[in-house]
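In: sequence unknown, structure follows:
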């Protein structure tokens, strides 16, 4: 999923869907504030939200040291950003991104659920994405790479990741098809055996690993 940043600020804003623009305005009106954090210690709350989201949606999340290493590298080069959404002193969302050349890359984001706030009604995710778009433009990027669509191509409402696709698309993004990749098989026997095991037990192994998120 890619988003062009060409044109004026107003043009970029108008490419966002009406419902998403209303969410962004509603979040600001409710008192949600997005700030850029220079401190790696703020990764703790974001990591906790990533773990919770992984458990809820049943996918594995890398250990905290991975995110700390990524942040150190991008922060040291001046190309990374850590955005935090705060509401009444509580962190309700976070986003990590980077800018390489003329393209900005979305890396990780999560919002809180439950606890003392109802972040799903505050829409911190939409506001974080908007702030990332503004940051990318200010840093000279002419496009944003949001990562995969989470769907088949063309996207189908029955795809497990269709909601992710719709969210990214609502910011004016497009789904771009890349050239496929293929395995180079050196040992056909073991390859067929492991691929069979992956097809039959891969989903279960994925869910078990997701329960180990911590």
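Out: In hand now; what should we look at? For clarity, every value in this text was computed on a predicted model and none was experimentally measured.
In: backbone phi and psi for residue 34, please?
Out: With angles defined as degrees, to the nearest 10, residue 34 shows backbone torsions of phi -110, psi 130.
In: so what's it up against?
Out: 83, 84, 85, 86, 124, 127, 128, 131 (CB atoms under 8 Å, 6 or more residues apart in numbering). All C-beta atoms are positioned from the backbone trio N, CA, C, and that covers glycine.
In: apart from its chain neighbours, what residue comes closest to it?
Out: Nearest residue to residue 34, sequence neighbours excluded (CB to CB, 6 or more residues apart in numbering): residue 131, at 4.5 Å.
In: make sure the one you found is indeed in a helix.
Out: Yes: residue state for residue 131 (DSSP: H, G, I helix; E, B strand; the rest coil) corresponds to a helix.
In: I figured it hits residue 83, correct?
Out: Yes: with the criterion set as CB atoms under 8 Å, residue 131 and residue 83 qualify as a contacting pair; they are 5.6 Å apart.
In: which neighbours do these two share?
Out: When contacts are counted by CB under 8 Å, 6+ apart, residue 131 and residue 83 have 34, 95 as shared neighbours.
In: comparing those two, which residue is more hemmed in?
Out: When neighbours are counted by other CB atoms under 10 Å, residue 83 comes out ahead of the other of residue 131 and residue 83, with 23 against 19.
In: distance of that one from residue 108?
Out: Per CB to CB, to the nearest Å, residue 83 is found 11 Å from residue 108.
In: against residue 22, how distant is residue 10?
Out: When CB to CB is the yardstick, residue 10 and residue 22 sit 17 Å from each other.
In: quick one, which of the two is more surrounded?
Out: Ranked by neighbour count (other CB under 10 Å), residue 10 and residue 22 place residue 22 first, with 13 against 8.
In: let me know the pLDDT of residue 200.
Out: Confidence per residue is given as pLDDT, and for residue 200 that number is 91.
In: need the contact partners of the particular helix or strand that has it in it.
Out: Counting by DSSP states H and E, the element that carries residue 200 is helix 188-211. Contacts to helix 188-211, defined as CB under 8 Å, 6+ apart, come from residues 54, 55, 57, 58, 59, 60, 61, 183, 185.
In: run the chain-centre distance for stretch 148-158.
Out: On the basis of CA atoms, centre = their mean, to the nearest Å, stretch 148-158 sits 16 Å off its chain's mean C-alpha point.
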